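Colleague: sequence below, structure please.
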Amino acid sequence: MITDALVLLEDKYKFSEAISDMEKYIKLTDSIFYEILRSNDADEKTKKAKEILERIQQRNLYKLCGQFQPTKKLENSHVSKAAEEIASLSKGRVDPNEIFVSIVDIHFGKEDQDPVKSVLFYKKNGEITSSIGRDDVSRMLPQTFSEQYVRVYGKKISTEVDKQIIEDCFEKWRLKYKY
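Modeller: Numbering: from 1, shown residues only. The predicted structure follows:
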């Protein structure tokens, strides 16, 4: 939701320029959140950004309408048009601007690699052991070290019916692409 608010105000605040300008970057703190909320600007984008930030403060957050774990890793490009496709499956009942599709990657910091392989182990005499076997660490280590979820959120869910429509369309979309 914060991203939605900041994207609306990119033209005004030039957030993307902070990537390559350290002076601008160090000024990007939580204070921008409150600056936007206190703003008296009457333009449409500022009003929408304020509405989103006020919703965050009121804990009126986007509602999770569904999620699944794909069998193989997906890239963001796979879901870039997902909101439009899911909305089209609703036959006009859902506006694509009112849903948000997200890919969430969860891992131990090394993507799908075993993080223990990156740890240096020392013998009692101080000598470094380059690597140790899985059985030397523990037999309870997981077989996979990352997982991914694809989630869909409704931005303005007012009834359970609205949520159910998005859930059903998301499931149809998932089945269409055999995720």
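
Colleague: for the helix or strand of the chain with the lowest mean pLDDT, buried residues please.
Modeller: Least confident helix or strand, the chain: helix 134-137 with a mean of 70, by mean pLDDT, DSSP states H and E. Across helix 134-137, burial judged by 16 or more other C-beta atoms under 10 Å covers no residue at all. Placement of C-beta: from N, CA and C, glycine included.

Colleague: next: stretch 155-162.
Modeller: For stretch 155-162, by 16+ other C-beta under 10 Å, it's K155, I157, D162.

Colleague: and the residue lying farthest from the centre of the chain, what helix or strand is that in?
Modeller: For the chain, the largest distance from the centre (C-alpha atoms, centre = their mean) belongs to N125, which lies 45.9 Å off. For N125, there is no helix or strand it lies in under DSSP states H and E.

Colleague: need the contact list for it.
Modeller: By C-beta atoms under 8 Å, 6 or more residues apart in numbering, the contact list for N125 is empty.

Colleague: and the longest helix seen in the chain, what's buried?
Modeller: Taking DSSP state H as the criterion, the chain has its longest helix at helix 160-176. The neighbour-count criterion (16+ other C-beta under 10 Å) identifies D162, K163, I165, I166, E167, C169, F170, W173, R174 as the buried residues of helix 160-176.

Colleague: determine the set of other helices and strands touching that helix.
Modeller: strand 63-68, helix 82-89, strand 146-154 (3 or more C-beta pairs under 8 Å, 6 or more residues apart in numbering; DSSP states H and E).
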